[in-house]
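K.L.:
Here you go, sequence then predicted model.
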Amino acid sequence: MRFEFAPIALAASVLAPTSAHAIDYLTAEQAAKLIFPDADAFEARPLTLNAAQLQQLDAQGVKARSASWRVQVAKRGGAELGVVVYDAVVGKVELIDYAVGIALDGSVKQVEILSYRESHGFEVRLPAWRKQFVGKGVGAPIRIGDDIDNISGATLSCTHVTDGVRRIVAVVAVARHGGLLA
């Protein structure tokens, strides 16, 4: 028996979007609670940097990409515990949604991958890889090959998430220095 539609099936498989591999791991709310389990409240706080603050970031070699950031302040009994900043970076061609918890001292508390849409490189979600960021602050390089290890086969995802975490650490530091965050 001969099938005439085989070329169409082959073309469909070749043209299938890479987003077919998308996996949503956590919602923003779940990530916030995972990062700050002792918090009894999370307050959305708009964070918009002004031109001078964006220039400060640029002078540090950090490209802000945006003046506005989605931030939640973690609280317990009214006292602030830290902030969770949400962002997305491109892996190879698709977005990776992630959240970074920053403690009151400006160091990374935790990094969580919310959604991953690429067909390769999902290893950035591995706890051992994400744990490398914990405790790093503005003084740390936060760069692949310096203080963050690469994962073979996930180089672009590793690099872009690492760049994003470095950017968030710098943004939070500038925002705190400017009185926008506690």
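P.N.:
Done, it's in.
K.L.:
Could you give the bridge partners of the residue nearest the centre of the chain?
P.N.:
By CA atoms, centre = their mean, the chain has its centre lying nearest to residue 98, at 3.5 Å. Beta-bridge pairing for residue 98 (DSSP bridges): residue 87, residue 113.
K.L.:
State the pLDDT value of it.
P.N.:
Model confidence at residue 98, given as pLDDT, is 97.
K.L.:
hang on, isn't it packed against residue 87?
P.N.:
Yes: Residue 98 lies in contact with residue 87 (CB atoms under 8 Å); the separation is 6.2 Å. All C-beta atoms are positioned from the backbone trio N, CA, C, and that covers glycine.
K.L.:
hey, what's in contact with both of the two?
P.N.:
residue 164 (CB atoms under 8 Å, 6 or more residues apart in numbering).
K.L.:
pLDDT wise, what is residue 11 at?
P.N.:
The model's pLDDT for residue 11 equals 46.
K.L.:
Ignore what I typed, I meant residue 6.
P.N.:
48.
K.L.:
Could you do residue 15 as well?
P.N.:
Confidence score, pLDDT, at residue 15: 48.
K.L.:
start at 43 instead
P.N.:
Right, with 43 as the first residue, what we last looked at is residue 57.
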